[in-house]
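Trainee: one predicted model, sequence on top.
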Amino acid sequence: MVDRLIRITTALAVVAVAVVAAIISYRHAYELVHSHGEAGTTARLVPFTVDGLIWAASMVVLDASRRKEPAPALAKWSLAVGIVATVGANVAHGASHGVIGALVSAWPALALVGSFELLMTLTRTAARHAAPARDDERTTVEQPEPPSTEPEQTPEQAVLAEYLASLDGPGRPVSQRYLAEKHNIDRRKVKQIITNAVDAVPA
């Protein structure tokens, strides 16, 4: 219960920081795009493409991690490009105010990227904790079948048993050819097995 409460509160804090950082980072990117010749819908949508790329790439990396597969190279490349772009845009926005201004302006972008990664880490950890429980349930439900204690018959014993059983049935006993084909034994061997069995029966 305590662990779950910790994960929930941590996730809420991370999401809150991510939302605030995303709003500030968007505003910085919007003002930068607007000041460099873009206006209207284009200026409003370009910042979404940057942070949206980071989110999409993070989701692909997370999905690969949950499936225990290597992350696609394109997802890693897109994530790196998105991080560089959002940090660069925020730095450029505050560069006119000197080094301190650039660092202050870059902080929301860094907080946004960090929040993304923290959220991904929480999700990966929850998936790893859930996986052993499913494995234990599967082990409990699927019990291996006990090994058979009955000795396996050799082909010769199977031929003899089937021939003797056919003697008590209606009609003639099974043919030697049938027994040879069924048990993949040479017909002369089948004949020898039957002859020996007949000779062993007391008159």
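Mentor: It's in. None of these values were measured; they are calculated from a predicted model. Residues are numbered from 1 along each chain as shown.

Trainee: quick one: low-confidence residue ranges for the chain.
Mentor: 1, 126-151, 168-172, 199-203 (pLDDT under 70).

Trainee: in it, which spans are helices?
Mentor: 2-35, 40-66, 73-94, 98-141, 155-167, 176-183, 187-200 (DSSP state H).

Trainee: what's the closest non-adjacent residue to residue 116?
Mentor: Closest residue to residue 116 apart from its sequence neighbours, by Cβ to Cβ, 6 or more residues apart in numbering: residue 58 at 5.2 Å. Where C-beta positions appear, they are placed from N, C-alpha and C, glycine not excepted.

Trainee: now the one you found: how far from residue 14?
Mentor: Counting by Cβ to Cβ, to the nearest Å, the separation of residue 58 from residue 14 is 13 Å.

Trainee: circling back to that earlier point, the residue nearest to residue 116: neighbour count?
Mentor: Residues within reach of residue 58, counting by other Cβ atoms under 10 Å, total 20.

Trainee: would you check that it makes contact with residue 120?
Mentor: Yes: between residue 58 and residue 120 there is a contact at 5.6 Å, judged by Cβ atoms under 8 Å.

Trainee: got the domain ranges for this structure?
Mentor: 8-131, 155-198 (automatic domain parsing).

Trainee: and those, which is most packed in?
Mentor: domain 8-131 (a mean of 16; mean count of other Cβ atoms under 10 Å).

Trainee: tell me who's in contact with the residue nearest to residue 61 when sequence neighbours are not counted.
Mentor: Leaving aside its sequence neighbours, residue 61 sits nearest to residue 71 (Cβ to Cβ, 6+ apart; 4.4 Å). Residue 71 is in contact with 60, 61, 64, 65, counting by Cβ atoms under 8 Å, 6 or more residues apart in numbering.

Trainee: roughly how far apart are residue 71 and residue 87?
Mentor: Counting by Cβ to Cβ, the gap from residue 71 to residue 87 is 21 Å.

Trainee: and the residue nearest the centre of the chain?
Mentor: In the chain, the centroid-proximal residue (Cα atoms, centre = their mean) is residue 67; its distance is 2.0 Å.

Trainee: check contacts around residue 72.
Mentor: Counted by Cβ under 8 Å, 6+ apart, residue 72 has contacts 60, 64.

Trainee: tell me how far it lies from residue 62.
Mentor: 12 Å.

Trainee: over to residue 31?
Mentor: 31 Å.

Trainee: pretty sure residue 111 contacts residue 21?
Mentor: Yes: contact status for residue 111 versus residue 21: in contact at 4.0 Å, counting by Cβ under 8 Å.

Trainee: what do the two both touch?
Mentor: Between them, residue 111 and residue 21 share no contacting residue, judged by Cβ under 8 Å, 6+ apart.

Trainee: format the CA atom coordinates belonging to stretch 84-97 as CSV.
Mentor: Presented in CSV, the C-alpha positions along stretch 84-97 are these (Å, rounded to 0.1, in the frame of the first residue of the first chain):
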residue,chain,number,x,y,z
VAL,A,84,18.5,19.3,-28.6
ALA,A,85,15.8,21.2,-30.4
THR,A,86,13.8,22.1,-27.4
VAL,A,87,16.8,23.0,-25.3
GLY,A,88,18.3,25.0,-28.1
ALA,A,89,15.1,27.0,-28.7
ASN,A,90,14.8,27.9,-25.1
VAL,A,91,18.5,28.9,-24.9
ALA,A,92,18.1,31.0,-28.0
HIS,A,93,15.1,32.7,-26.5
GLY,A,94,17.0,33.9,-23.5
ALA,A,95,20.4,34.5,-25.2
SER,A,96,19.6,38.2,-25.6
HIS,A,97,19.8,38.5,-21.8
